[in-house]
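J.: No letters, just coordinates:
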């Protein structure tokens, strides 16, 4: 990875809709080599996907919750059933296996407290694998970013 690749990654993190022509101008390459570099970054797995980031409040999702989850045990079947549920439920935005006092940290988004409670009692707590859930609610988002720091690559 050289300075051109790093610059390409920095730019597309800020604007995934930038055209190849615009991108080439920004990184001081001609369009064909810029396109080949983009293809290479995608093929090597540096670029996982392209997506649109929606404003959750504009579409009526006002609750952001962070749930610390402990499982009853760590047997393969238990973990597999938990992991399967996490991939299927759209309310779960992120699921992290963690160190410390809990097994997982979930970022959950919901329309309102009633829908959060429905998710909690009708889905999450019905999993046999769950021992406990401790939830904190976001009162206000101070920073949201999907851009990864790339300064260590330079």
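T.: On my side now, so go ahead. Every value quoted in this text rests on a predicted model; they were computed, and no experiment measured them.
J.: Please report how far the most far-flung residue of the chain relative to its centre lies from residue 4.
T.: Largest separation from the mean C-alpha position in the chain: residue 30, at 32.7 Å (C-alpha atoms, centre = their mean). Distance from residue 30 to residue 4, counting by C-beta to C-beta, to the nearest Å: 12 Å. Backbone N, C-alpha and C define where each C-beta goes, glycine included.
J.: now residue 153
T.: For residue 153 relative to residue 4 (C-beta to C-beta), the value is 12 Å.
J.: so which helix or strand takes in the most centrally placed residue in the chain?
T.: By C-alpha atoms, centre = their mean, the chain has its centre lying nearest to residue 94, at 5.5 Å. Using DSSP states H and E, residue 94 sits within strand 92-97.
J.: Neighbouring strands - and their directions - for that strand?
T.: strand 104-110 (antiparallel) (DSSP bridges).
J.: Are there helices or strands packed against the helix or strand that the partner strand is followed by, and which ones?
T.: Scanning forward in sequence from strand 104-110 by DSSP H and E, the next helix or strand is helix 113-122. Contacts defined by 3 or more C-beta pairs under 8 Å, 6 or more residues apart in numbering; DSSP states H and E place helix 113-122 against strand 63-71, strand 104-110.
J.: Which among those strands is found nearest to residue 138?
T.: Smallest distance to residue 138 across the helices and strands packed on helix 113-122 (C-beta to C-beta): 4.0 Å, for strand 63-71.
J.: Centre of the chain to that closest one, how far?
T.: Its chain's C-alpha centre and that of strand 63-71 lie 15 Å apart, by C-alpha atoms, centre = their mean, to the nearest Å.
J.: Report the separation between residue 133 and residue 65.
T.: Following C-beta to C-beta, the distance that separates residue 133 from residue 65 is 10 Å.
J.: So if I had to pick from these two, which one is more boxed in?
T.: residue 65 (20 against 17; other C-beta atoms under 10 Å).
J.: List the beta-bridge partners for the more buried one.
T.: With DSSP bridges as the criterion, residue 65 is bridged to residue 108, residue 137.
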